[in-house]
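Chemist: okay, sequence plus prediction incoming.
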Amino acid sequence: MEQFFQQLTNGLAVGGIYALIALGYTMVYGVLKLINFAHADLFTLGAYLGLTLLTSMALTNHLGPLWGTLVLALMVMGLIGLVGALLDRVAYRPLRSSPRLSAVVSALGASIFLQNTVMLVYGARFQVYPQNILPTAAIDLGGLSVPVVRFLVLATSLIMMGGLYLFIQKTKIGTAIRAAAIDQEAARLMGIDVNRVILMVFLVGPALGGLAGLMVGLYYGQINFTMGWGYGLKAFTAAILGGIGNIPGAMVGGLLLGLIEAMGAAYISMAWKDAIAFCVLIVILIARPTGLLGERVAEKV
Amino acid sequence: MKKLLFVALVLSFVVGQAHAADTIKIGLMGPMTGSWASEGQEMKQVLELLAEELNAKGGVMGKKVEVISEDDGGDPRTASLAATRLSTQGIVGVIGTYGSAVTEATQNIYNEAKIPQIANGSTAIRLTEKGLPMFFRTCPRDDEQAKVAAQTIEKLGVKKLAILHDNSTYAKGLADETKALLQGKGVDIVFFDALTPKEQDYTTILTKMKAAQPDFVFFTGYYGEGGLLLKQKKDMNWNVPFMGGDATNNPDLVKIAGKEAAKGFYFLSAPLPKDLPYEQAKAFLTAFAKKYGNPPSSVYAVLAGDGFRVIAYAIDQTKTTDTTKVADYLHKDLKDFPGLTGKISFNDKGDRVGEVYKVYQVNADGQFLLMP
């Protein structure tokens, strides 16, 4: 039983990161019907930029670990948001009225470009975050030792997801995003600046991806220019699992995928971990082709 | 003026020809470019230094030795072209190369051209199981590593062992071999499974492994995952000792894990150049550092040097450049040749006889110490 709860926390920590990345995929898809393949590389870029800022500015030395990390996170989110907006301007906006396939190819190209840029700038070897920035203490939960950082990762993910949900549901620009997601033309006729909405989406989605990259760097310590691939694939799967285009769906999908992986590995077979996760995905998609929370998406398309 | 130049050219050509006929050529095929470029370039440095020393002592059979190197790019296709080029240049033997798949692409080319080939870094078992009379290697085989792993595990008094691999041919092979060797040796294998390489969260695997309560873990994968395992194991407050295969032999492992988590980690490796305990090795290391400004970093480059030394010795002893006789000599008559990496003899398959793998442990400063 102890092992079960341990695996539960393991799964939730990984799932929280999947969910945070999945939000970026799902937001862009919801508005543009475009799978932004470059999102995984923005995540990688977030991890690398975080490392550069951390080592060059020594924020955590000046401001203490809590405020230093917070300022660092805001800086990374801001920078990656800008890169995301730039990406939209350069790679996607010129193709807005062309067939959807052109934009997908452009996304793949952007992904390759970003990944190789990171490799050329930082080199192909593993990069390592300085250790002991985050507290190393562990909380004892009835014989179950859970590192504090793990709670921080999960809590950050949940806060970000909650914030995003409120942003989309309660604010004016959030309403505009939802309107553009339902019908861009109609939204335009209602006086919504759709290009501004899309810009917003490309600011917020990548910013969350960049934050996930920073969290991975801080938490796991080791980063590599190809790390976006694995996380991107899993996060994309999570978005589909929850119903792509649907924000609560991405959260549910991410956490669920993390749990399925952890439990499959723990109780069935570790070597078959990914296969189990994808089998579950297939079964769910056969039963519910639009994903778990995907029904609301149906009316959008 | 033009005439003079022409005469000079012709003269130099003639002299060059005469000179060429007077040397004994030994080929070097190594990855001078590509992802293993640092290995190949060091192999070349080692061979050039050894050839220089040998020629200063009078060469082989009274002739100078000349090293002809070709780049294999660390790629099987480039390598087969390099092998074809080398085999037409009248070489008596060839040293190289590093990667097993790259070597495999060239084995038949040299064998048909009857040129003895001494590989320096190709550890895949199958290379010497083909019965090619011209193929040798100075590096150990992967099953040698398993043997040393099994012995070390027994020697450390392990009762409950966990083995973890990453499903790659190399890592799974090493894991399977070790498991088979430990059968019936009183070591209970309580855990045997694979992780997915290139991930970052291995806590699921560690949690599952911990539940099996092993008192020792053998991880056969690479250093990137090895470092993360050590780090996350420490974060879980789990103090089980870990041992890695030779793919974990990289200073980046300590960087990823942190010195504290890496402390006490065992790994298997051919001896690092700094730990080669032989007189020849020490003299060689000094000479190398003097010529190039730094000691050799890769043991495989030194193993290439040993390949060169045995082939030069065999030519000298047999007093012939008949390659079949040279290969025969290497198979049958070469016994306990004092190499830079220890005594060298070859068996019928062309494998090096004896144990080369050593056990290393990471100390508190993150340095690799040779275990007695």
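Modeler: Everything's here; your move. Numbering: from 1, shown residues only, chains lettered A, B, ... in the order given.
Chemist: can you confirm B:Asp365 is in a strand?
Modeler: No - per DSSP: H, G, I helix; E, B strand; the rest coil, B:Asp365 lies outside any strand segment and is coil.
Chemist: what's the first helix or strand after the strand or helix carrying A:Met215?
Modeler: Using DSSP states H and E, A:Met215 sits in helix A:194-220. For helix A:194-220, the succeeding helix or strand toward the C-terminus, using DSSP H and E, is strand A:222-223.
Chemist: what's the next secondary structure element after that next one?
Modeler: Taking DSSP H and E, what comes next after strand A:222-223 is helix A:227-242.
Chemist: show the average pLDDT along the helix or strand following that following helix.
Modeler: Using DSSP H and E, the helix or strand that follows helix A:227-242 in sequence is helix A:247-267. On average, the pLDDT along helix A:247-267 is 91.
Chemist: what angle sits between the helix or strand just after helix A:247-267 and helix A:227-242?
Modeler: Per DSSP H and E, the first helix or strand lying C-terminal to helix A:247-267 is helix A:273-287. Orientation check (axes from the mean of the first three to the mean of the last three Cα atoms, to 10 degrees): helix A:273-287 against helix A:227-242 gives 30 degrees.
Chemist: next, the buried residues of helix A:273-287.
Modeler: Buried residues in helix A:273-287, counting neighbours by 16 or more other Cβ atoms under 10 Å in any protein chain shown, are found at A:Lys273, A:Asp274, A:Ile276, A:Ala277, A:Val280, A:Leu281, A:Ile284. Bear in mind the C-beta positions are built from the backbone N, C-alpha and C, glycine included.
Chemist: ok, the residues you listed vs A:Tyr48, which is closest?
Modeler: In terms of Cβ to Cβ, no member of these lies closer to A:Tyr48 than A:Asp274, at 25.4 Å.
Chemist: where does the closest one land on pLDDT?
Modeler: With respect to pLDDT, A:Asp274 has a value of 87.
Chemist: can you pull the contacts of it?
Modeler: The neighbours of A:Asp274, taking Cβ atoms under 8 Å, 6 or more residues apart in numbering or on different chains as the test, are A:Glu261, B:Thr196.
Chemist: for the closest residue to B:Met236 other than its chain neighbours, helix, strand, or coil?
Modeler: Setting aside the residues directly before and after it, B:Met236 is nearest to B:Leu206 in space (Cβ to Cβ, 6 or more residues apart in numbering or on different chains), at 6.0 Å. Under three-state DSSP, B:Leu206 falls in the helix class.
Chemist: tell me how many other residues crowd B:Leu206.
Modeler: As a burial measure, B:Leu206 scores 23 neighbours (other Cβ atoms under 10 Å in any protein chain shown).
Chemist: who's in contact with A:Leu285?
Modeler: A:Ile240, A:Leu241, A:Gly291 are the contacts of A:Leu285 under Cβ under 8 Å, 6+ apart.
Chemist: what ranges does the stretch 201-350 of chain B have for its strands?
Modeler: Listed in chain order, the strands of the stretch 201-350 of chain B (DSSP state E, counting those that start in this stretch) span B:216-219, B:242-244, B:266-269, B:337-339, B:342-344.
Chemist: which one of these lies nearest to chain A?
Modeler: Closest to chain A of the strands of the stretch 201-350 of chain B is strand B:216-219 (Cβ to the nearest Cβ; 13.2 Å).
Chemist: what does the closest one contact?
Modeler: By Cβ under 8 Å, 6+ apart, strand B:216-219 touches B:149, B:153, B:156, B:158, B:160-165, B:175, B:178, B:209, B:225-226, B:229, B:240-245, B:248.
Chemist: what do you get for stretch B:230-240?
Modeler: Residues outside stretch B:230-240 that contact it (Cβ under 8 Å, 6+ apart): A:136, A:138, A:145, A:147, A:220-221, B:162, B:201-203, B:206-207, B:210, B:214-217, B:242, B:253, B:256-258, B:260-262, B:265.
Chemist: now stretch A:188-201
Modeler: A:27-28, A:31-32, A:85, A:88, A:93, A:173, A:176-177, A:179-180, A:184, A:187.
Chemist: mind redoing it with 7 Å?
Modeler: Residues outside stretch A:188-201 that contact it (Cβ atoms under 7 Å, 6 or more residues apart in numbering or on different chains) are A:27-28, A:31-32, A:85, A:88, A:173, A:176-177, A:179-180, A:184, A:187.
Chemist: derive a ChimeraX selection command for the buried subset of the contacts of stretch B:230-240.
Modeler: The ChimeraX selection below is limited to those of the contacts of stretch B:230-240 classed as buried (16+ other Cβ under 10 Å):
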select /A:138,147,220,221 /B:162,201,202,203,206,207,210,214,216,217,242,253,256,257,258,261,262,265
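Chemist: in helices, which of the contacts of stretch B:230-240 fall?
Modeler: Counted as lying in helices by DSSP state H, out of the contacts of stretch B:230-240, are A:Tyr220, B:Thr203, B:Leu206, B:Thr207, B:Lys210, B:Leu253, B:Ile256, B:Ala257, B:Glu260, B:Ala261, B:Ala262.
Chemist: pLDDT value on the last one, please?
Modeler: pLDDT for B:Ala262: 93.
Chemist: residue contacts, it?
Modeler: With contacts defined as Cβ under 7 Å, 6+ apart, B:Ala262 is in contact with B:Leu230, B:Leu253, B:Val254, B:Val362, B:Gly366.
Chemist: just the buried members of those?
Modeler: Neighbour-count burial (16+ other Cβ under 10 Å) applied to the contacts of B:Ala262 gives B:Leu230, B:Leu253, B:Val254, B:Val362, B:Gly366.
Chemist: could you dump the residues you listed to JSON lines with pLDDT?
Modeler: Formatted as JSON lines, the buried ones among the contacts of B:Ala262 follow (pLDDT from 0 to 100):
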{"residue": "B:Leu230", "pLDDT": "95"}
{"residue": "B:Leu253", "pLDDT": "89"}
{"residue": "B:Val254", "pLDDT": "91"}
{"residue": "B:Val362", "pLDDT": "94"}
{"residue": "B:Gly366", "pLDDT": "88"}
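Chemist: tell me the two of these that are most distant?
Modeler: Across the buried ones among the contacts of B:Ala262, no pair lies farther apart than B:Leu230 and B:Gly366, at 11.5 Å, counting by Cβ to Cβ.
Chemist: so which of the buried residues of helix A:273-287 comes closest to A:Gln115?
Modeler: Of all the buried residues of helix A:273-287, A:Asp274 has the smallest distance to A:Gln115: 21.1 Å, by Cβ to Cβ.
Chemist: how far away is that closest one from B:Ala194?
Modeler: 11 Å (Cβ to Cβ, to the nearest Å).
Chemist: cool, and B:Asp348?
Modeler: 35 Å.
Chemist: higher neighbour count, these two?
Modeler: B:Ala194 (22 against 10).
Chemist: that one and A:Ala271 touch, don't they?
Modeler: Yes - using Cβ atoms under 7 Å, B:Ala194 is in contact with A:Ala271, at 4.1 Å.
Chemist: now do the shared contacts for the two.
Modeler: With Cβ under 7 Å, 6+ apart, B:Ala194 and A:Ala271 have common neighbours B:Asn167.
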